[in-house]
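Undergrad: Sequence first, then the predicted structure, then my questions.
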Amino acid sequence: MAAGERQCQAYLQRHRIPELLHRLGALLLYHRPERPREFLIQALERVKAGKGAEGEYPHLMDEANLAAMFELMDVVGQGHITPAQYREALKTLGLSTEDLQFGDNVNITLDIFKEEVKKKMLESWAAY
């Protein structure tokens, strides 16, 4: 790899550009707006406003989506999932599994699941 190419790769990684583009692409595919360029501009403006605590970050998953995801993992209907299932859900959503506060013997309820996933989503957008 040439020095210029390494510098470009380092720049992209340092600013997390591939992750940002992936997230923006996912937002586009989820919402399928009639005017994609305007939608992307608005999404980036929301990221900027959210970072300044003036607004809300763009999101793919609302309360209903998170509840449905939880129900898919809680196949027996016990009202809770395991930390391993929670980790897999985070990975599926492209969210960080670092710094998880749950031990292996903890049961994660729907309310905890929603709260923690939302927190991870905010953390992930704040990185930009």
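TA: On my side now, so go ahead.

Undergrad: residues touching residue 66, list them.
TA: By CB atoms under 8 Å, 6 or more residues apart in numbering, residue 66 lies in contact with 113, 114, 117, 118. The C-beta positions use only the backbone N, C-alpha and C, and glycine is treated the same way.

Undergrad: min pLDDT across those, which one?
TA: Lowest pLDDT within the contacts of residue 66 is found at residue 118 (83).

Undergrad: Show me which residues of the strand or helix carrying residue 20 are buried.
TA: According to DSSP states H and E, residue 20 maps onto helix 17-31. Counting neighbours by 16 or more other CB atoms under 10 Å, one finds that the buried residues in helix 17-31 are 20, 23, 24, 27.

Undergrad: Next, format these as JSON lines and append pLDDT and distance to residue 61.
TA: Compiled in JSON lines, the buried residues of helix 17-31 are given as follows (pLDDT from 0 to 100; distance: CB to CB, whole Å):
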{"residue": "20", "pLDDT": "86", "distance to residue 61": "18"}
{"residue": "23", "pLDDT": "84", "distance to residue 61": "12"}
{"residue": "24", "pLDDT": "88", "distance to residue 61": "16"}
{"residue": "27", "pLDDT": "85", "distance to residue 61": "11"}
